[in-house]
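Novice: No letters, just coordinates:
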């Protein structure tokens, strides 16, 4: 998100789910949309039915490929090269939007030079995608009137994830596919309220509404609103917190509703970090793997037991309503936080949970117009600055928050850990349709467990045959960080030389294997590429 | 292009391509149908929506007939109603009278139409289709005898989900909905078919005998899985969520995925944490070990229960919160605020996230706050 | 040196009666060493399509120096004698030649569609071209505007021969006016009516006529792609059509820029998988698209939104086969045949209790009497005609009293039946009309696609009522119920299948209500067909006690001592009628 924020001035999905239906072209890269965002997937299928073209770029033959006009099967971690080559061809064919570039962007001339070397031949060599297909993709995207790009963690969970995002942004800027309906750059957010958690300032460098903690005016505004002295020193990210716990500079961690033991890379590293703490508080609805390491575990409520709002991937703020009473003495998280705060000597007083939303509106103008009353039936997409503002279905109409859209030259960098003789396979991790994240919810649904209750590693038929592995056979997958036993799933989905493991399964946790190397800007770990060894 | 047409004497302007049924609905004229769904292509199978159109010698189905300029439509007259009744008699002659125990009673279009048309003595009884049960999935309960062959499930699976797991099979009276060549089901279990089924043929396995209409409340909310933000309707009986579906006029158009529709039993799971817990086992001995591979969730859950009492003791909220406050204050005093960090949650609400970061920043005094946006 | 042409019928009837064996017998015999070389040289053997009079197959034409003689019932073992005596010896074998039945059969017929059938060699495109083959298509493309072609067809009055009788020219005109980047013409060769084999005979006997008709149609509407949708149960027709298509392509009559013009047109074959309903045009389209063959509601009609949503004309085989002749001979020539509203000729498959059964082509408006008694030679075994079933499962029964009815679209429809695709089944006094209705209904019921309620369940309930009537379990109220339900099924069904499925019941109830009443009230089947309503008993007075019936009885229901009257145990009797058939003394009573 930081990537998009740097080039546009805002880091959210630029357009809406509903607009997908009217795309002329969809370019889906690094997103297994039908499994990770099934309903967005339906809109894409609907668009295809209506005649929209679909380009899928993914190292795996994901379900969406079935609906695609063109599938680019790039080697994992070579997205920059793929995108740069596409842009090279677009420029060569003169398909760029010169008006848009002139009026709404900056740094184009500098950037243009950076594409020179990415000829289709070079592109094919790096990505493994035949150059004819890259050229076709460039023509299709370049000629489309309303072209939307959709991506998820397949783009961002790399050590060069920010570069990937810059490249995507460059492509949209170059063709003028921003600031209009049914186009744009659309990172699909993976969790119900990951957009909201970011909007609310649960990030180490910004207050709610992406206002920088080291900006004096922002700091003073929040100090006044909150009646407290605040630090102007940007904090640590998740991965840095784990490192800091190990080196002793972090002593206490309070975790609300997260399960880093399963979700973070290099499990033993995470466990070591959390175990090194003086004090760990975990607040959750289940005794998760992380909670087991805690000093205090607080029973919280699930979404059906409380009132509030979630903000979905398209910036739409929607109501969450209490349907049932929480079990036993479990309490709403808001009650727990305010109670604890009071005992820490800092009083937070709210009569109703909506008061919190009102306070958010006071400190973040884009949220000011949103009231529970207004979103009773249908949510509103921020920015919504006033009570009579209808919300914003697509961003950047008539310009960018940062002024002009910034072209950023990026160069292809290989992933941090590439296969070698000892660890000859590339491992990518991700989700599958039936399970969700660390499984604490879905794995408690017996029907889901019947259909998809077993961990597996997808391996190509060629590789399986070479290693003498039969479908369903339990095999060992090892990396420099650990080793798991897991059932094989021989499948035509992964590229030869690549394996895929969904990370939902604690009994064969993919994150035992993954690498903690992170993107230098966004600190996102490289979960899509690490080197592993397979033993039958 | 727009056409002026009249339906039952009321005139309306509608755009080219509108069907007679759609135009009638705009005029709030109710025409019965079992096979029509506004989001799916017209089917014309149930024949209940027949109307008379001036100049056309036979009744036509309003769901399939596009309007044309000057069209004069009659949606109801004794002959049309008589034909509709015959059609209902035919459907019911091949339908089990099991409304007493049917999961869909009270929420069943067929039942409602049978009631309105007062079909008590059916002239047209005869052989009924009977099937031996083939039960190959844990999500969807199929009672093929109750299937009225409206084809909505087939269309939704093809046109919306793009999966085409099922289609019509066989011919004549033996026609049934099945997988191609009756091979094993290849399905995403989105349950779209269940959502559009107008009878009790397709229901959720998890719904059975949990409650129908009486005493069931509906609560509108937002799904807590992925970022799509689908709007859900939770059906609640007592203190239990017994069923989830979604309304057509939502951003997700009523469509859901397998998780959103079927994976809700965690809410009432016996594994839920119900009391604050304070660690009793010394930290060193809290040996972290991954459970052996192949442990299924049910076994896993009981494992949690036993570990729980070995690691923690239950505490009151006052005790737990005071303890935390005291510890955090001490660490802050000794090591400074930046020795504290908070991890917030992409699963929690905006309000909770706002409060959490406010707590970390204002009460703990540090910007060490993050969440799993990167994962 | 004499010129000898031998033509062997390899139509459906010819093949079934042993045509291929006759051919190989001729091949063998003609190789005999003692056949003079000059005869051998001048002798050619041809496989040709249906002659028409299938009940006399295998029919063989022998044309020696332009003089044609026809042999009937030819078996392979007769061939040597024919070769030796007639071809070599020059003397016809009179007792094997066709008789006056054969000539009567053809006298009232007018052959248009079938004019080359049984004459030309279906496997040879040159044989077709030698006549005036492909001249019509060439002329149209070289010198006419598409709308002029349509105008000719419109003026000719040609109507669809597949059943509904929609004016072909009007259909073409509508499709021609559509603006679209793609149009299609489809030949519907999914002939499915029981007993019907008109389309099959045309394709097998003269496949090029259909191709030429499609080329002309495609040009008229502006289609560059055509399909022949043909049932897979016609392997021979498919094989001959495939060969014809490839020959036509090689000649440049199909493919890119045909006949050296700018017009391109190609034809693909699509095999049907045995569903009767795929003869319905929207179901046929669905089937070509790879969907289950299920009809959809019209409008929109295929001429506006057809195959893959594009304007599509679907014509039946016989309709298309008329087209080249109309173009060759003119609209006025065609419209001079037939009645005011039904122009031209119609091919019928004449079957049932008729002496001369086979394929006939008659001018529209001919009376049923002429067909039955002049062409058909009357009823077999001198029995009484009861009715004629026309139009197959969608049609109805015309009673013997109405024998002077004109056979055309309007007259048959008025009588409660239809021309249909051309099935014509002759029924005599031994046929039970309730049973006939049941037969056709069980066919349509099984072939219903299952999409719409009235057809799927309605026909089932109708069939159930018929079943109980023929079992003697019918109720007085059943007649009223069937009439009412039958009419409701007609009124509310989605496609032609359901809309016409009750016709066999309704028309038999109209003309033969007394037979239904006899089944219901008296528990008797007047024609003595419905097994549950018949009893077999021994007439003791005339029984000779020969024991023949006892030996014939498969159920061991007959007992008796030699030379004494026998006895049938009704509990054991399965009503098979074997005793009745075997008794030489007419001592078994059936009632």
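Specialist: All right, it came through fine. Being a predicted model, the structure only gives us computed values, none of them experimental.

Novice: low-confidence ranges in the stretch 201-350 of chain B?
Specialist: Low-confidence segments of the stretch 201-350 of chain B (pLDDT under 70): B:284-308.

Novice: for it, what spans make up the strands?
Specialist: Counting by DSSP state E, counting those that start in this stretch, one finds strands in the stretch 201-350 of chain B at the ranges B:202-204, B:216-222, B:231-237, B:240-245, B:277-279, B:312-314, B:340-343.

Novice: closest to chain C out of the ones you listed?
Specialist: strand B:202-204 (17.7 Å; C-beta to the nearest C-beta). Every residue, glycine included, has its C-beta placed from N, CA and C.

Novice: Partner strands of that closest one and their direction?
Specialist: Applying DSSP bridges, strand B:202-204 is found paired with strand B:140-142 (antiparallel).

Novice: Please report how far the nearest residue to residue A:147 once chain neighbours are set aside lies from chain C.
Specialist: In this structure, residue A:147 finds its nearest non-sequential neighbour in residue A:25, 4.2 Å apart by C-beta to C-beta, 6 or more residues apart in numbering or on different chains. Shown here: residue A:25 relative to chain C, a distance of 21 Å by C-beta to the nearest C-beta, to the nearest Å.

Novice: And residue A:286, by the same measure?
Specialist: Distance, residue A:286 to chain C, by C-beta to the nearest C-beta: 47 Å.

Novice: ok, that residue - contacts?
Specialist: Shown in contact with residue A:286 (C-beta atoms under 8 Å, 6 or more residues apart in numbering or on different chains): A:440, A:444, B:266, B:269, B:271, B:272, B:273, B:304.

Novice: And the pLDDT at residue C:422?
Specialist: Residue C:422 carries a pLDDT score of 89 in this model.

Novice: give me the number of residues near it?
Specialist: 28 (other C-beta atoms under 10 Å in any protein chain shown).

Novice: Wait, it touches residue C:197, no?
Specialist: No - Residue C:422 lies out of contact with residue C:197 (C-beta atoms under 8 Å); the separation is 9.3 Å.

Novice: tell me, what's touching the two both at once?
Specialist: Taking C-beta under 8 Å, 6+ apart as the criterion, residue C:422 and residue C:197 both touch residue C:349.

Novice: quick one: the strands in the stretch 351-500 of chain A?
Specialist: Along the stretch 351-500 of chain A, the stretches classed as strands by DSSP E, counting those that start in this stretch are A:380-381, A:405-406, A:425-430, A:456-459, A:474-478, A:483-490, A:498-502.

Novice: quick one: the second one to chain centroid distance?
Specialist: Which is strand A:405-406. 22 Å (C-alpha atoms, centre = their mean, to the nearest Å).

Novice: Would you reformat the strands of the stretch 351-500 of chain A as TSV and include mean pLDDT, mean neighbour count and distance to residue C:212?
Specialist: What follows is those, written out as TSV (pLDDT from 0 to 100; neighbours: other C-beta atoms under 10 Å in any protein chain shown; distance: least, C-beta to C-beta, whole Å):
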stretch	mean pLDDT	mean neighbour count	distance to residue C:212
strand A:380-381	95	22	63
strand A:405-406	90	24	63
strand A:425-430	92	24	60
strand A:456-459	95	24	56
strand A:474-478	94	18	65
strand A:483-490	94	20	54
strand A:498-502	94	25	57
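
Novice: can these go into JSON lines with extra columns for distance to residue A:10?
Specialist: Below are the strands of the stretch 351-500 of chain A laid out as JSON lines (distance: least, C-beta to C-beta, whole Å):
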{"stretch": "strand A:380-381", "distance to residue A:10": "13"}
{"stretch": "strand A:405-406", "distance to residue A:10": "11"}
{"stretch": "strand A:425-430", "distance to residue A:10": "26"}
{"stretch": "strand A:456-459", "distance to residue A:10": "36"}
{"stretch": "strand A:474-478", "distance to residue A:10": "40"}
{"stretch": "strand A:483-490", "distance to residue A:10": "40"}
{"stretch": "strand A:498-502", "distance to residue A:10": "32"}
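
Novice: What residue in the stretch 201-350 of chain A comes nearest to chain C?
Specialist: Going by C-beta to the nearest C-beta, chain C is nearest to residue A:314 of the stretch 201-350 of chain A, at 32.0 Å.

Novice: what's the helix or strand for that residue?
Specialist: Following DSSP states H and E, there is no helix or strand that holds residue A:314.

Novice: Just to check, it is in contact with residue A:14?
Specialist: No - assessed by C-beta under 8 Å, residue A:314 is found out of contact with residue A:14, at 9.4 Å.

Novice: what's the span of stretch C:570-585, first residue to last?
Specialist: 21 Å (C-alpha to C-alpha, to the nearest Å).

Novice: to the chain's geometric centre, what's the distance from that stretch?
Specialist: Using C-alpha atoms, centre = their mean, the offset of stretch C:570-585 from its chain centre is 35 Å.

Novice: Out of the strands of the stretch 201-350 of chain B, which is closest to residue C:241?
Specialist: Residue C:241 lies closest, by C-beta to C-beta, to one member of those: strand B:202-204, at 44.3 Å.

Novice: Neighbours of the closest residue to residue B:258 other than its chain neighbours, how many?
Specialist: Take residue B:258 and drop its neighbours on the chain: the residue closest to it by C-beta to C-beta, 6+ apart is residue B:189, 4.3 Å away. Counted with other C-beta under 10 Å, residues neighbouring residue B:189 total 26.

Novice: Tell me, what's the model's pLDDT at residue B:189?
Specialist: pLDDT, residue B:189: 95.

Novice: which residue does the stretch 1-150 of chain A bring closest to chain C?
Specialist: Relative to chain C, the nearest point of the stretch 1-150 of chain A is residue A:51 (11.3 Å; C-beta to the nearest C-beta).

Novice: ok so that residue is a strand residue?
Specialist: No - Residue A:51: not assigned to a strand; according to DSSP: H, G, I helix; E, B strand; the rest coil it is coil.

Novice: And it, how far from residue A:5?
Specialist: Distance of residue A:51 to residue A:5, computed by C-beta to C-beta, to the nearest Å: 34 Å.

Novice: Neighbour count: the two, which is higher?
Specialist: Applying other C-beta under 10 Å to residue A:51 and residue A:5 shows that residue A:5 carries more neighbours, namely 17 against 7.
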